[in-house]
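>>> Next come a sequence and a model predicted from it.
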Amino acid sequence: MKKKVLFIDRDGTLVIEPPVDYQLDAFEKLEFYPYVFRNLHFIRTRLDFEFVMVTNQDGLGTSSFPEETFWPVHNLILKTFANEGITFDRICIDRSFPEENAPTRKPRTGMLTDFLDNDTYDLTGSFVIGDRVTDVELAKNLGCRAILLQPDMSMIKEADLKKTCVLATTDWNKIAEFLFAGERTAEVRRTTKETDIHICMNLDGNGTCHIQTGLGFFNHMLEQIAKHGGIDLDIDVKGDLEVDEHHTIEDTAIALGECLNQALGNKRGIERYGYCLPMDDCLCRVALDFGGRSWLVWNASFHREKIGDMPTEMFLHFFKSLSDAARMNLNICAEGENEHHKIEGIFKAFARSLKMAIRRDIYHFEIPSSKGTL
């Protein structure tokens with residue numbers, strides 16, 4: 001079996017990078033990255049990655065960064081990790097300045113030639129973990145994938161690098177979850193004589209979305225699912241709006257439900273249940289269960305024919321189609337005076353319930369059912 005590797009940056013990844021001079025040359029500057037010990041220990045003991053530290057230390061050994069200020073702190077870092085059961089199979093330190101363009105300096109691969117063209121390593125199944133674009137570039141140069149310790153991928157401008165980077169997060173809990181349990185993404189295309197729908201979803205995203213259904217108010221409601229559910233969601237719909245809105249709304253719900261069901265996979269480790277939301281004059285309650293069976297209880301009434309360009313009679317139909325396709329129980333109740341607030345509250349409450357129900361716990365990675373299946 002080929003070996004997989006985590007090529008791990010040090011400053012900004014394992015430890016907090018000092019903000020002024022970017023040199024970790026004194027004990028008082030040392031601060032470990034939050035949750036790094038618990039999660040690296042989990043990865044080390046539960047997965048089969050080799051650990052390789054890869055770090056640029058500008059001018060190490062020169063008057064600007066004397067070795068006697070570097071090694072005491074570095075050795076304490078290594079000892080602290082070792083005390084937590086985390087050891088590194090190899091440590092690669094480049095001492096050059098950026099302007100030297102040394103072949104050993106990240107993102108170049110001069111320190112890592114032993115891993116290239118080596119049949120004992122599976123680089124496509126390996127990752128570079130770091131906080132800079134150069135770490136993503138290193139991953140591309142090695143032929144592996146990157147995990148970026150940043151809130152999002154906005155610092156990555158090149159399309160090829162975006163493909164290389166599979167996760168952007170500042171949370172080591174998310175990194176361990178991703179490496180252990182995998183990504184939860186899905187893509188569904190549903191094409192009929194009435195609609196052509198394409199949906200891409202990432203359950204572990206950041207709430208970014210691109211929604212285009214041809215119905216402005218429907219777009220706004222679907223955006224609530226992404227934003228308040230913390231999922232990335234792209235929805236593109238071309239429907240027969242010249243007839244009416246029915247097919248566009250119904251088929252979007254079916255495709256969205258199929259996408260949810262597909263992304264959840266075997267549902268191992270999820271919370272399964274989610275629960276409610278006040279919005280101004282309205283109280284909206286949404287309880288859901290990804291138990292594998294569809295059911296909808298709907299206690300919400302609307303007196304206007306339309307809100308925006310969306311018929312109010314389609315609200316019930318949307319959630320019925322969604323619950324059927326996603327194979328989930330939905331219990332929805334809304335009370336209040338303002339019709340806009342009621343339905344927006346329902347969508348937001350659904351999103352929050354969804355966020356709660358899909359949360360995954362890799363430390364209790366079991367099917368959430370006494371039957372052993374969902």
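Structure received. Predicted model only: the values in this text are computed from it and were never measured.
>>> Tell me the secondary structure of the most far-flung residue of the chain relative to its centre, please.
No residue in the chain sits farther from the centre than Ser63, which is 42.3 Å out by CA atoms, centre = their mean. At Ser63 the chain is in coil, as set by DSSP: H, G, I helix; E, B strand; the rest coil.
>>> check contacts around it.
By CB atoms under 8 Å, 6 or more residues apart in numbering, Ser63 lies in contact with nothing. In this view, the C-beta of every residue, glycine as well, is placed from N, C-alpha and C.
>>> Now do it against Val73, distance only.
Separation of Ser63 from Val73 (CB to CB, to the nearest Å): 18 Å.
>>> phi, psi of the residue farthest from the centre of the chain?
phi -60, psi -20 (degrees, to the nearest 10).
>>> swap in Asp11?
When quoted as degrees, to the nearest 10, the phi and psi of Asp11 stand at phi -70, psi 120.
>>> which residues sit in contact with it?
Applying CB under 8 Å, 6+ apart, the residues near Asp11 are Glu17, Pro18, Tyr22, Leu24, Thr55.
>>> Now do the second one against Asp135, distance only.
In this case it means Pro18. From Pro18 to Asp135 the distance is 18 Å (CB to CB).
>>> Those two - which one has more neighbours?
Neighbour comparison, Pro18 and Asp135: the larger count goes to Asp135, with 24 against 17 (by other CB atoms under 10 Å).
>>> who's in contact with the helix or strand hosting the more buried one?
Per DSSP states H and E, Asp135 falls inside helix 133-142. By CB under 8 Å, 6+ apart, the residues outside helix 133-142 that reach it are 7, 9, 13, 54, 56, 106-109, 112, 115-116, 123, 126-130, 145-146, 148, 155-156, 160-161, 164-165.
>>> What is the burial count for Glu28?
Glu28, neighbours per other CB under 10 Å, totals 7.
>>> and it, which of the three is it?
Going by three-state DSSP: Glu28 is helix.
>>> For the helix holding Asp135, what does the pLDDT average out to?
Throughout helix 133-142, pLDDT has a mean value of 97.
>>> That one: how far from the chain's middle?
In terms of CA atoms, centre = their mean, to the nearest Å, the centre of helix 133-142 is set 20 Å apart from its chain centre.
>>> And for stretch 257-268?
How far stretch 257-268 lies from its chain's middle: 15 Å, per CA atoms, centre = their mean.
>>> Which parts of it count as buried, going by neighbours?
For stretch 257-268, a neighbour-count test (16 or more other CB atoms under 10 Å) marks Gly257, Glu258, Cys259, Leu260, Asn261, Gln262, Ala263, Leu264, Lys267, Arg268 as buried.
>>> The lowest-mean-pLDDT helix or strand in the chain: what's the following helix or strand?
The helix or strand of the chain with the poorest confidence is strand 277-279; it has a mean of 65 (mean pLDDT, DSSP states H and E). Sequence-wise, the next helix or strand downstream of strand 277-279 (DSSP H and E) is strand 282-289.
>>> So what are the sheet partners of that following strand and their directions?
strand 273-274 (antiparallel), strand 277-279 (antiparallel), strand 329-335 (antiparallel) (DSSP bridges).
>>> Quick one: closest of these to Ser294.
Nearest to Ser294 among the strands paired with strand 282-289 is strand 329-335 (7.3 Å), distances taken as CB to CB.
>>> quick one, strands of the stretch 151-300 of the chain?
Ranges of strands in the stretch 151-300 of the chain, per DSSP state E, counting those that start in this stretch, are 165-168, 185-191, 195-202, 209-212, 232-239, 273-274, 277-279, 282-289, 295-299.
>>> tell me, which of those is the model least confident about?
Lowest mean pLDDT within the strands of the stretch 151-300 of the chain: strand 277-279, a mean of 65.
>>> Check the contact between Ala347 and Ile225; I expect there is one.
To be clear, residue 347 is Phe; Ala isn't right here. Yes: applying CB atoms under 8 Å as the test, Phe347 and Ile225 come out as touching, 6.3 Å apart.
>>> where in the stretch 101-250 of the chain is pLDDT low?
Regions of the stretch 101-250 of the chain meeting the criterion pLDDT under 70 are absent.
>>> How about Ala334, nearest residue that isn't a chain neighbour?
Ala300 (4.0 Å; CB to CB, 6 or more residues apart in numbering).
>>> how far does stretch 192-206 stretch from start to finish?
End-to-end distance of stretch 192-206 (CA to CA, to the nearest Å): 31 Å.
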